[in-house]
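Student: Need coordinates for the below:
(chains A and B)
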Amino acid sequence: MKSVNNVDSIVFMGTSDFSLKALVAIREAGFNVVRVYTQTPKPAGRGYAIQKSVVYKYAEASGIPIHCPKNFKSVEEVERFRSIGANVAVVAAYGLIIPQVLLDIPPRGFINIHASKLPRWRGAAPIPAAILAGDTVTGITIMKMDAGVDTGDIITMGDLYINPEMSSGQLSQELSDLGAAKIVETLKKLDFSLLSARKQSEKDVTYAPKITKESCRIDWMHSAEDIRRTIKAFSPEPGAWTEIKGHRLKIFDAEVAVAEIDKNDYESRNLCHSEILHENSAAGLILDAAKFFCVDKPVHLSGMLAFCGKGVLRLLDVQLAGKKRMSGDAFIRGRRDLVGQVAG
RNA sequence: CGCGGGGUAGAGCAGUCCGGUAGCUCGUCAGGCUCAUAACCUGAAGGUCGGAGGUUCAAAUCCUUCCCCCGCAA
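Tutor: Model (predicted):
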């Protein structure tokens, strides 16, 4: 039986932690990775030290030849790739555009691991997009690459349920495990996989918008649930943030403390905010503990609380610029001067 | 040499400019009050102030140097 094809010459292209899992899995499954492409080590971080990608470090330690072109626009780079003579190329979170001339080179083409169920969330940031949208299920797509952005024919998919507690970081880890398993499965029966590929439906296409600094900024006028999802979607990187007393505060985790509340029905042991609330400008107000009267029952809330456009959020994991990351509880205990401030 | 913040009790912070008793909010432990409480009151334990030198009668604080943590930017 010819189930294991002649795929003993694989080129792997990837940069992030997400791709590293796939690379490791491919090698552990016994495939021969003959070359690794990853993004150029570049000055980054404090002091602009040269940073190698995790994939670079792994390949280096494993003795796999590494190549880091800036792009594939030159004939030289294309020919260099051709000279490897690879049977198939696997791409996962690489970060460079692969032109058609390159896609045409390997006999069995390019295969991509994408962190969503295509055609939902095409684009660069599918994981935060799924959380932000409140999706209850997402997954992995293994596809044949074509020249479009995540438009290739689908080989296989894997499902993953999003539990509401999950942050992008956790989801990304689980998806990378799933992706690693799926790519190995695909490579093991490569010819069959390629034959069974089917076109994407053009009906349910959505795009995952690029993440910007501004899209990570919290709008406290939104509901507590919306803001909670924003926080989860950008945790731990790059981190949802707000500004308080002129300083940037990142929020890595939060939970809805009260989904809905009549803003007049509460008191706080620390200070009386009724005048602020009457002005309807309470969104973003930070408190450290409060007692609410919902219907006829008093509800005691502890921890670091933030009023939203609708409801109250409990901030669980925060970090002020320049300080350590800590629980909201500890943070607000030490920074009582921030109680009663309005974040924005 | 990219810009910047920080290291003080188990946690989070103030005090540092201008040297002179180690302080705050919590937590912990013990007791009290209350119908009751994530409320309140009383008391206790817990620190070689990141390390090493130096100046001084005296250093958390001033000088030199080293280590560690973090934000921005890329």
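Student: show me where chain A has helices.
Tutor: A:17-28, A:54-62, A:75-84, A:100-103, A:126-132, A:168-188, A:190-195, A:224-233, A:274-278, A:328-334 (DSSP state H).
Student: right, so of those, which gets closest to RNA strand B?
Tutor: When those are compared by Cβ to the nearest atom of the strand, helix A:328-334 sits nearest RNA strand B, at 1.8 Å. Glycine gets a C-beta too; all of them are placed from N, C-alpha and C.
Student: from the middle of its chain, how far away would the closest one be?
Tutor: Average the C-alpha atoms of helix A:328-334, do the same for its chain, and the two points are 27 Å apart (Cα atoms, centre = their mean, to the nearest Å).
Student: How about stretch A:181-188?
Tutor: 23 Å.
Student: Equivalent analysis for stretch A:36-51, please.
Tutor: Mean C-alpha position of stretch A:36-51 versus that of the full chain (Cα atoms, centre = their mean) differs by 20 Å.
Student: okay, that stretch in CSV with CA atoms only?
Tutor: The C-alpha trace of stretch A:36-51 is given here as CSV (Å, rounded to 0.1, in the frame of the first residue of the first chain):
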residue,chain,number,x,y,z
VAL,A,36,13.1,25.9,7.3
TYR,A,37,12.0,29.4,6.2
THR,A,38,11.3,31.9,9.0
GLN,A,39,11.2,35.6,9.4
THR,A,40,14.6,37.4,9.6
PRO,A,41,15.9,37.9,13.1
LYS,A,42,15.5,41.6,13.6
PRO,A,43,16.1,44.2,16.3
ALA,A,44,13.2,44.2,18.7
GLY,A,45,12.4,44.6,22.4
ARG,A,46,14.3,46.6,24.9
GLY,A,47,17.7,47.8,23.7
TYR,A,48,16.8,46.6,20.2
ALA,A,49,18.5,43.3,20.6
ILE,A,50,18.4,40.9,17.7
GLN,A,51,15.5,38.5,18.2
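Student: Show residues contacting that stretch.
Tutor: Residues from elsewhere that reach stretch A:36-51 (Cβ atoms under 8 Å, 6 or more residues apart in numbering): A:11-15, A:23, A:52-53, A:55-56, A:59, A:64-70, A:94-96.
Student: Across the sheet, point out what pairs with the residue lying closest to A:L285 once chain neighbours are set aside.
Tutor: In this structure, A:L285 finds its nearest non-sequential neighbour in A:F307, 4.2 Å apart by Cβ to Cβ, 6 or more residues apart in numbering. When assigned by DSSP bridges, A:F307 has beta-bridge partners A:V312.
Student: number of nearby residues for the residue nearest to A:V78 when sequence neighbours are not counted?
Tutor: Sequence neighbours aside, A:V101 is the residue nearest to A:V78 in space, at 5.5 Å (criterion: Cβ to Cβ, 6+ apart). The local packing of A:V101 (other Cβ atoms under 10 Å) involves 15 other residues.
Student: Show me what from chain A comes close to RNA strand B.
Tutor: A:42-48, A:213, A:238-239, A:241, A:248, A:250, A:269, A:289, A:299-302, A:319-327, A:330-331, A:333-336 (Cβ under 7 Å from any atom of the strand).
Student: about what we covered before: list the ones among the contacts of stretch A:36-51 that fall in strands.
Tutor: Within the contacts of stretch A:36-51, residues falling in strands by DSSP state E are A:V11, A:F12, A:M13, A:G14, A:I66, A:H67.
Student: so which of these comes closest to RNA strand B?
Tutor: Nearest to RNA strand B among the ones in strands among the contacts of stretch A:36-51, with distances taken as Cβ to the nearest atom of the strand, is A:G14, at 18.4 Å.
Student: Now for that closest one, how many residues are close by?
Tutor: 28.
Student: Against A:C68, how distant is A:M145?
Tutor: 20 Å (Cβ to Cβ, to the nearest Å).
Student: Sketch out the low-pLDDT regions of the stretch 201-344 of chain A for me.
Tutor: Low-confidence segments of the stretch 201-344 of chain A (pLDDT under 70): A:261-281, A:290-299.
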